[in-house]
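> Using only what follows, build the 3D model:
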Amino acid sequence: MQDKQSVYDKDGFFDLYQKLRSNPNSLNEIVEKPTMLGLVGDVSDKRILDLGCGCGEHLKLYLERGAAFVAGIDLSQAMLQQAAKNLAEFRPHFWSHYHFQPMQKNPLLKRIISIRLT
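As a prediction, the model looks like this:
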């Protein structure tokens, strides 16, 4: 099976995406973040897995709100590199997987998905 490139890793796309995200009036800032934080509730001492973590903005918010550990997975290498920069002050509370494999071939993901959430 051939590896596919994330659209975010294509020339110029990631830079344009970052420019949109930096706008304080973006949908991410006025809708997505407040909605997500409202849905997850208190994260104190929780271990959080963010599938499709992007640049790690939500992971950083969870850590700032007391999460014990966060892990982020994304298909885009550009996103994960930015997430590592964004979360540098919180190391080692960040894990990224640059060489994402199909779920059926990745034993770590198989194990994570099989864990029953309580």
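> which outside residues touch the helix or strand in which residue 59 is found?
Element membership of residue 59 [criterion: DSSP states H and E] is helix 57-64. When contacts are defined by Cβ atoms under 8 Å, 6 or more residues apart in numbering, helix 57-64 is touched by residues 28, 33, 36-37, 40, 43, 46, 48, 50, 53, 70, 72, 83, 86-87, 90, 93-94. For glycine as for every other residue, the C-beta is placed from the backbone atoms N, C-alpha and C.
> Now do the buried residues in it.
Going by neighbour count (16 or more other Cβ atoms under 10 Å), the buried part of helix 57-64 is 57-63.
> Same check on stretch 47-57?
For stretch 47-57, by 16+ other Cβ under 10 Å, it's 48-50, 53-57.
> which residues of the chain score low on pLDDT?
Scanning the chain with the threshold set as pLDDT under 70 gives 1-3, 91-118.
> from the contacts of helix 57-64, which would you call buried?
Using 16+ other Cβ under 10 Å, the buried members of the contacts of helix 57-64 are 28, 43, 48, 50, 53, 70, 72, 83, 86-87, 90, 93-94.
> any idea how far residue 10 is from the nearest residue to residue 63 once chain neighbours are set aside?
Nearest in space to residue 63, with sequence neighbours left out and distances taken as Cβ to Cβ, 6 or more residues apart in numbering, is residue 90 at 5.1 Å. Residue 90 sits 29 Å away from residue 10, taking Cβ to Cβ, to the nearest Å as the criterion.
> wait, what's in contact with residue 55?
Residue 55 is in contact with 18, 21, 79, 82-83, 86, counting by Cβ under 8 Å, 6+ apart.
> so the residue nearest the centre of the chain is in which element?
Nearest to the mean C-alpha position of the chain, by Cα atoms, centre = their mean, lies residue 53 at 1.5 Å. Per DSSP H and E, residue 53 falls between elements, in no helix or strand.
> ok, it touching residue 72?
Yes - counting by Cβ atoms under 8 Å, residue 72 is a contact partner of residue 53 at 3.0 Å.
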